[in-house]
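A.B. asks: Task: produce atomic coordinates for the following.
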Amino acid sequence: MDLEALSWIGGITGAATGILALVVSVHFTRRATRAAETAAASAKETAELEAERRNAELTPHFVVSAMAREHGSNRVVLTLTLEGPAGLPGLDEVVVRIRSDQPPTSLLAGSPSQQQMDDTVWGPYRLVPGVDQSDKLGQTTAAFALRRGERHKLELEPSLPPTWTSADTWVSRYDESPIQLELLCARASGKPWTLLLEVDQPQATFDAVASHRSGGSIVITFTNVGNAPASKVRFTDNTGTEPHLEGQAADVVRPGEVTQQVWISDTYEHITEWVELSWTDMRGARQSLKARLPA
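C.D. replies: Numbering: from 1, shown residues only. Modelled structure (predicted):
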């Protein structure tokens, strides 16, 4: 075999070796790239899971209370306190919304439009429009910042009945419903949170204490131990009549105050089984409590 042939064979062999080396190199490069991509994806997923775990750990914890505003007012002071967690120094933005239990229009008389439905606050109370930068419908507040341990107060008032229903029907609809809130919370970094909270309406609550007096009479005293006033107080017994009352009648019985004393004389003790106290709450709903006479 002459030198030219050997040279040609050597060239082919070298080319084949080069191609094989290139193929091997490309294969391992692709494997390395895929491995790097897999590792990067795994690291990203791990980081996302860790961020979600951390975000869940930092979910804001609020304590919410609702108290009657003041004498002669039907407004409520809603207090939000950011209590934790310890790793959350504060929130850059908090937006409070009154949650809606808006029913389907098919369940309502009067065929209200969707706009009318949306403009109605479907709950016992709404934000006072224009106060604390609340919107004109009393549904949402403007955003505010809140540090851990701080309190933020909002003014509420009874929601307005829509035009297609009566005031009495509206009051009855939310007689014992809690105030439902949606809190949108955010900080400069991390995902935002949406919290759904409930707080009981401020209500008068009465404790009844009955005691025997000389001569066989029984005296019942009702004390308002709730967090709201009671107005238009009335007393009746199981016979449908008003029992004998002692003391000054009050138009409003505020928290911590007592009503007139109810006297059941020995003449009527054998026919009187219970005394009912009834009153009107801040939203105009009628409430009542029955106190049975002791044996």
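
A.B. asks: Quick one: mean pLDDT for stretch 29-42?
C.D. replies: Mean pLDDT, computed over stretch 29-42, is 67.

A.B. asks: so where's the stretch 51-200 of the chain shaky on pLDDT?
C.D. replies: 51, 71-72, 104-110 (pLDDT under 70).

A.B. asks: what sits against the residue most central in space within the chain?
C.D. replies: When CA atoms, centre = their mean is applied to the chain, the residue found nearest the centroid is Leu197 (2.5 Å). By CB atoms under 8 Å, 6 or more residues apart in numbering, the contact set of Leu197 is Phe62, Val64, Gln180, Leu181, Glu182, Leu183. Bear in mind the C-beta positions are built from the backbone N, C-alpha and C, glycine included.

A.B. asks: What remains of those if I keep only buried residues?
C.D. replies: Neighbour counting by 16 or more other CB atoms under 10 Å classes Phe62, Val64, Gln180, Leu181, Leu183 among these as buried.

A.B. asks: ok, so of the residues you listed, who is nearest Thr81?
C.D. replies: The shortest approach to Thr81 among the buried ones among the contacts of Leu197 belongs to Phe62, at 6.4 Å (CB to CB).

A.B. asks: Could you give me the buried positions within the strand or helix carrying the closest one?
C.D. replies: Here Phe62 sits within strand 61-68, counting by DSSP states H and E. Buried positions in strand 61-68, judged by neighbour count with 16+ other CB under 10 Å: Phe62, Val64, Ser65, Ala66, Ala68.

A.B. asks: So which residues of the chain form helices?
C.D. replies: For the chain, applying DSSP state H gives helices covering 3-57, 114-119, 167-173.

A.B. asks: residues in contact with the second one?
C.D. replies: Which is helix 114-119. With contacts defined as CB under 8 Å, 6+ apart, helix 114-119 is touched by Gln102, Thr105, Leu137, Pro162, Thr163, Trp164.

A.B. asks: Check the offset of it from the chain's centre.
C.D. replies: Relative to its chain's centre, helix 114-119 lies at 22 Å (CA atoms, centre = their mean, to the nearest Å).

A.B. asks: Kindly report the same for stretch 275-291.
C.D. replies: In this view, stretch 275-291 has its centroid 25 Å away from the chain centroid, taken as CA atoms, centre = their mean.

A.B. asks: Next: stretch 85-104.
C.D. replies: Its chain's C-alpha centre and that of stretch 85-104 lie 8 Å apart, by CA atoms, centre = their mean.

A.B. asks: ok, back up a step: sort out which one of the buried residues of strand 61-68 lies nearest Leu88 for me.
C.D. replies: Distance to Leu88, by CB to CB, is smallest for Phe62 among the buried residues of strand 61-68, at 11.3 Å.

A.B. asks: got the contact list for that closest one?
C.D. replies: Phe62 is in contact with Leu80, Thr81, Leu82, Glu83, Leu183, Leu195, Leu197, counting by CB under 8 Å, 6+ apart.

A.B. asks: likewise Pro229?
C.D. replies: Shown in contact with Pro229 (CB under 8 Å, 6+ apart): Ala68, His71, Ala204, Val252, Val253, Arg254, Pro255, Met282.

A.B. asks: now the contacts of Phe62 as TSV including distance to Asn224?
C.D. replies: Formatted as TSV, the contacts of Phe62 follow (distance: CB to CB, whole Å):
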residue	distance to Asn224
Leu80	26
Thr81	25
Leu82	31
Glu83	29
Leu183	31
Leu195	32
Leu197	26
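
A.B. asks: From these, keep the buried residues only.
C.D. replies: Leu80, Thr81, Leu82, Leu183, Leu197.

A.B. asks: Nearest to Ser172 among those?
C.D. replies: Of those, the one sitting nearest to Ser172 (CB to CB) turns out to be Leu197, at 24.4 Å.

A.B. asks: I'd like to know how many residues surround Thr163.
C.D. replies: 9 (other CB atoms under 10 Å).

A.B. asks: Taking the contacts of Leu197 together, which two end up most distant?
C.D. replies: Farthest apart among the contacts of Leu197 by CB to CB are Phe62 and Gln180. That separation is 13.8 Å.

A.B. asks: Can you get me a residue count around Val121?
C.D. replies: Neighbours of Val121 (other CB under 10 Å): 20.
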